[in-house]
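>>> Predicted model, plus sequence, below.
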Amino acid sequence: MKSSILAVPVLAVAIVAGVPDARADAPEPPAGAPVAQPVDRPYPGEIRLAVDASDVERRIVHVHEIITGLAADSVLFYPEWVPGWHSPGGPIDRLAGLEISAGGKHLAWARDPVNAYAFRVAIPPGLNALDLEFDYLAATSPRVGRQQWTRDILILDWNQVVLYPAGYFISRIPVDASINLPEHWQFASALETASAGGTKTDFRRVSLESLVDSPVYAGSHTARIDLDPGAAVPVYLDLFADRPESLVVAPAQVEAHRNLVQQAYKLFGSRHFAHYDFLLSLSEEIPFVGVEHHQSSANCDDSKYLVDWDNSSFAKDLLPHELTHSWNGKFRRPRDLWTPNLNVPMQGSLLWVYEGQTHYWGKVLAARSGLRTAQQSLDDLAYMAAYDGALPARKWRSLQDTTTDPILARGGHPRSWTTWQRYVDYYPEGALIWLDADTLIRERSRGKRSLDDFARRFFGIENGSMTAVTYTFEDVVKALNDVEAYDWAGFLRARLDAVDAPAPLDGVRRGGYRLTFTEAPGDYFKSAEKRWKRTNLLFSVGLEIDEREGTLSSVFWDSPAFKAGLTEGEKILAVDGFAYSAEILKDAIKSAAVSKAPLELIVKDGDRYRVARIEYSGGLRYPHLERDPAQAALLDDILAPRK
């Protein structure tokens, strides 16, 4: 193999001698014909979309689509940029069997050589409609990708099963959609039913924008709970489970979810939906996630969400977070995240508002509604503060730069060294910044104003409207100044753009608490460990273990475990000569605090075995917030329910 170092002087000689640079003759990259840009004009046709999702066992969706009103040479898009994911993640690799015809004749199609999400079709003269048939192949196992289905639950995202014409705003493209489900299955969606018979349901006509914003949850074991009985604007909790016993709901649980709706109304002072559905799957097979929509949210938790209520505090801010997005993200949306169609790239410069402030309100509303206790909420905040405060990646990367993470990690690919790379930290650190702002407003106004006032002024406008209102950084600053005059632009930019600066923990201090560490974890910490089946020792030796396989799921950069040479993916076999278990390791850490002797781990990496010695004698450390009597308990006021 030739060395690239040796090639450099050879190229230099060729240039000096007058020989043309070989790169000048390099072929031009392929370029397709320009694709029509989206224009805000009525689409002259319609989409009729029939989806057969009855093949649950094999996770195959068959699609029949008719698109009218097309020009002679048309471009059809498969959605690439899906709202809520902030990245180009449309699963086009799962589209198969595409056949297109017009007037009963098969037509050839060609994928654009530059844009793999664009399909070019030449329509014969005198015709303006296309007939499409294709399949969407949902993941059949975790090896293939994220699970959307089980044998008893189906989650259908419409962006996965539609192609649409380029050149128009998707808000101007009308769609008549229908779905065919397995016999006896029930479904829920923000879509309204036009007619139903047997296993087929026809939905009322909506725009393509509204269709994609209205996923369908379906299943064989379901329950629906009215969260605002008798209200003109109904809100429902729609449950879908693998087993019927997961659907048992206690009266106190119903009350907490009903409180959530009322506390959100009190916070924002408005509604921007005609009705709302919390769609929630309860399954170990479908990964934990929440995705925002305007009149619904798509949520996935495990089967113990209700039946192990007292030990699952970790997930209790999921529904509050996604409900908040109806105001922050769907109704009010960053200008650079609003796009006219599903194939124009999004920009996430304001994700620290879109997600960061939503993360904050999700945690606040979880406490105000009673979904979490005040102590569980404090423990959650303690974890965020401890993690952000110790994060070594702060030395080189700003929080603002993390708003590019959804694009950098297309599909959410895991990272081996998250604490050195950072990953979507605009969620937790964004929440800490907004806590800082909230307590600062309360302190400066002597308790007369708070971030609640910002929420009503900024998100509570135009009650009842569902038309998105965009905002910029300057709009956020102005709204904050309308609540409390201050240098908010400087406040925000200092925290967003800082490199090698302390974490924004002033809100904890100003809120009347200080971060401490104890030998015992709180309920929130134990709930998170149980939910993810992990042992979290990040704040002591600096590692986290996936207990399903006994492998290291994370090693904190520059921690004692890191300095011992440990890395993600290795398997711990023994601790100080004893076969590994979480309790054995914890006991060894406690013993080392007395003996000062290094921990000795036998680890396996592939087919290699070695001994790793961890120099650490600090004992077990779990984050907590301790009340500081020298400061007013502003944080207690923030978490208290509104009357």
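Yes, it's here.
>>> C-alpha only now, for contacts and for neighbours.
Will do.
>>> Surely residue 424 is within a helix?
No: counting by DSSP: H, G, I helix; E, B strand; the rest coil, residue 424 falls outside a helix, being coil.
>>> tell me the average confidence for stretch 262-276?
The pLDDT scores in stretch 262-276 average 97.
>>> which parts of it are buried?
262-264, 267-273, 275-276 (16 or more other CA atoms under 10 Å).
>>> Domains of this protein: list them as residue ranges, please.
1-219, 333-513+629-639, 523-622 (automatic domain parsing).
>>> So for residue 308, which of those domains sits nearest?
Between residue 308 and the domains of the chain, the tightest spacing by CA to CA is seen for domain 523-622, at 10.3 Å.
>>> Now for residue 121: which residues touch it?
Listed by CA atoms under 8 Å, 6 or more residues apart in numbering, the contact set of residue 121 reads 73-76, 107-110.
>>> Go again with 10 Å.
71-76, 100-101, 107-111, 130 (CA atoms under 10 Å, 6 or more residues apart in numbering).
>>> did I read that right, residue 474 in a strand?
No: counting by three-state DSSP, residue 474 falls outside a strand, being helix.
>>> Next one: the residue nearest to it when sequence neighbours are not counted from residue 480, what distance?
In space, and not counting its chain neighbours, residue 474 is closest to residue 489: 8.0 Å by CA to CA, 6 or more residues apart in numbering. Shown here: residue 489 relative to residue 480, a distance of 9 Å by CA to CA, to the nearest Å.
>>> coming back round to it: out of the contacts of residue 121, who has the most neighbours?
With neighbours taken as other CA atoms under 10 Å, the top of the contacts of residue 121 is residue 75, carrying 25 neighbours.
>>> just for the protein, where's the confidence low?
Applying pLDDT under 70 to the chain picks out residues 1-32, 411-414.
>>> what's around the residue nearest to residue 196 when sequence neighbours are not counted, how many residues?
Leaving aside its sequence neighbours, residue 196 sits nearest to residue 202 (CA to CA, 6+ apart; 6.1 Å). Residues within reach of residue 202, counting by other CA under 10 Å, total 19.
>>> And the closest residue to residue 374 other than its chain neighbours, how far from residue 123?
Once flanking residues are discounted, residue 374 sits nearest to residue 367: 5.8 Å by CA to CA, 6+ apart. As judged by CA to CA, residue 367 and residue 123 stand 58 Å apart.
>>> higher neighbour count, these two?
Using other CA under 10 Å, the more surrounded residue of residue 367 and residue 123 is residue 367, with 26 against 21.
>>> List the contacts of that one.
So residue 367 contacts 256, 260, 316-317, 320, 361, 373-378, 638-641 (CA under 10 Å, 6+ apart).
>>> Which one of those residues is nearest to residue 431?
For the contacts of residue 367, the nearest to residue 431 is residue 361 (8.2 Å; CA to CA).
>>> What about the closest one, how many residues nearby?
Residue 361, neighbours per other CA under 10 Å, totals 29.
>>> Residue 46 now?
22.
>>> In this structure it contacts residue 170, no?
No: the criterion here is CA atoms under 10 Å, and residue 46 misses it with residue 170 at 11.2 Å.
>>> residues bridging contact with those two, i.e. touching both?
With CA under 10 Å, 6+ apart as the test, residue 46 and residue 170 both reach 164, 207-208.
>>> Apply the buried test to these and list what passes.
164, 207-208.
>>> now, which of those lie within strands?
Using DSSP state E, 164, 207 are the members of those that sit in strands.
>>> For the residue nearest to residue 374, grab phi and psi.
phi -80, psi -50 (degrees, to the nearest 10).
>>> tell me the secondary structure for residue 140?
coil.
>>> what residues are up against residue 495?
By CA under 10 Å, 6+ apart, the neighbours of residue 495 are 398-400, 429-430, 433, 501-504.
>>> What subset of the residues you listed is buried?
Buried among those (16+ other CA under 10 Å): 398-400, 429-430, 433, 503-504.
>>> and which of the residues you listed is nearest to residue 423?
For the buried ones among the contacts of residue 495, the nearest to residue 423 is residue 399 (9.6 Å; CA to CA).
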